[in-house]
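Trainee: A structural model of the following input is requested.
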Amino acid sequence: MSILWSNHKIITLVIKDLYVNKSKQGIIQSTIFWLDKNNINKKIKKQVTHLLKVIFEQDYFQLNIQFF
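Mentor: Predicted coordinates:
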């Protein structure tokens, strides 16, 4: 079973949209809240939260051959 559904995509082309003013833990808690509210099964919820933590640990991106 895929952790992302075929009809859902997350994309941004604006660099400033890659960063939000909410804390990383706040984002994880909000995500858990909405996953619970929409009755997403435990395995999917665990995978999504794990992916968020990995993304937050690797807090860099590449633009024009430079890493930020």
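Trainee: Let me know the distance separating Phe68 from Lys42.
Mentor: Using CB to CB, to the nearest Å, Phe68 is found at 35 Å from Lys42. Heads up, the C-betas are built off the backbone N, CA and C, glycines and all.
Trainee: Starting from the least confident helix or strand in the chain by mean pLDDT, tell me which strands it pairs with and how they run.
Mentor: Within the chain, no helix or strand scores below strand 62-63, which has a mean of 74 by mean pLDDT, DSSP states H and E. According to DSSP bridges, strand 62-63 forms sheet pairs with strand 66-67 (antiparallel).
Trainee: The strand it pairs with - what's its average pLDDT?
Mentor: For strand 66-67, mean pLDDT is 76.
Trainee: One more: stretch 32-52?
Mentor: 93.
Trainee: Report the buried residues of it.
Mentor: Neighbour-count burial for stretch 32-52 flags Leu35, Lys45, Gln47, Val48 (criterion: 16 or more other CB atoms under 10 Å).
Trainee: measure it end to end?
Mentor: One end of stretch 32-52 to the other measures 11 Å (CA to CA, to the nearest Å).
Trainee: Ok, stretch 31-45 next?
Mentor: End-to-end for stretch 31-45, by CA to CA: 9 Å.
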